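In: Quick one, what's the 3D model for this:
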Amino acid sequence: MTDATEKPKSETRDDRLTFLCVVDESEELSQALRFACRRAVRTMGRVALLYACEPAEFQHWASVGDLMREERREEAEEMLHVVASVVKKHTGSIPVVFIREGDLTDELIKLIDEEKKISLLVLGAATGPDGPGPLITHIVENMSSGLRIPITIVPGSLTDEEIDALT
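Out: Residues are numbered from 1 along each chain as shown. Now for the predicted structure:
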């Protein structure tokens, strides 16, 4: 028998579904983000954002490398601030934000392994002739069987109305 004051599992903050989007400068980010936001609202879940900064390659002088790293971090924070405001507008809540330094694919896999609350990876597929994008191609070809969560690939050609109808 449960205590009458106990909240149902779906209402506890730690049990909410978390939809992870990778933040970059691609056009298809908006479709992936809209899909993740709509699913988060419908499931009482939340959105998480990952931005991976490429490591500073200039290592001749430590101070120059540190300055480059700091500039990349500031750029990441600015971009995440903009994207987080879009998430807040669509969901009413502030997203969970992750900034990592390193190769995007490596950092994405590490994050999914470390953060057990992440429930679904949402990626936007490019519409150009070069395929869906390097991240999607790499994950689907090499890593999808090793991930502990499902992946949703949102076609970059979907309109907001089409995404809304799907979610």
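In: those helices in this structure, which residues are they?
Out: Along the chain, counting by DSSP state H, helices occupy 29-43, 62-91, 104-114, 134-138, 160-166.
In: And the second one, what's buried?
Out: In this case it means helix 62-91. By 16 or more other CB atoms under 10 Å, the buried positions in helix 62-91 come out as 68-69, 72, 76, 79-80, 83-84, 86-87, 90-91. Where C-beta positions appear, they are placed from N, C-alpha and C, glycine not excepted.
In: List the contacts of the residue nearest in space to the middle of the chain.
Out: Nearest to the geometric centre of the chain sits C21, at 1.8 Å (CA atoms, centre = their mean). By CB atoms under 8 Å, 6 or more residues apart in numbering, the contact set of C21 is 29, 32-33, 36, 47-50, 122-123.
In: got any ranges where this structure has weak pLDDT?
Out: The model of the chain has pLDDT under 70 over residues 1-14, 56-62, 64-65, 144.
In: just to revisit the earlier point, of the helices of the chain, which is nearest P55?
Out: The closest of those to P55 is helix 62-91. By CB to CB, the value is 7.6 Å.
In: between the closest one and helix 29-43, how many degrees?
Out: Angle, helix 62-91 to helix 29-43, by axes from the mean of the first three to the mean of the last three CA atoms, to 10 degrees: 50 degrees.
In: how far out from the middle of the chain is helix 62-91?
Out: Centroid displacement of helix 62-91 relative to its chain, using CA atoms, centre = their mean, to the nearest Å, is 14 Å.
In: swap in stretch 119-129?
Out: With CA atoms, centre = their mean, you get 11 Å for stretch 119-129.
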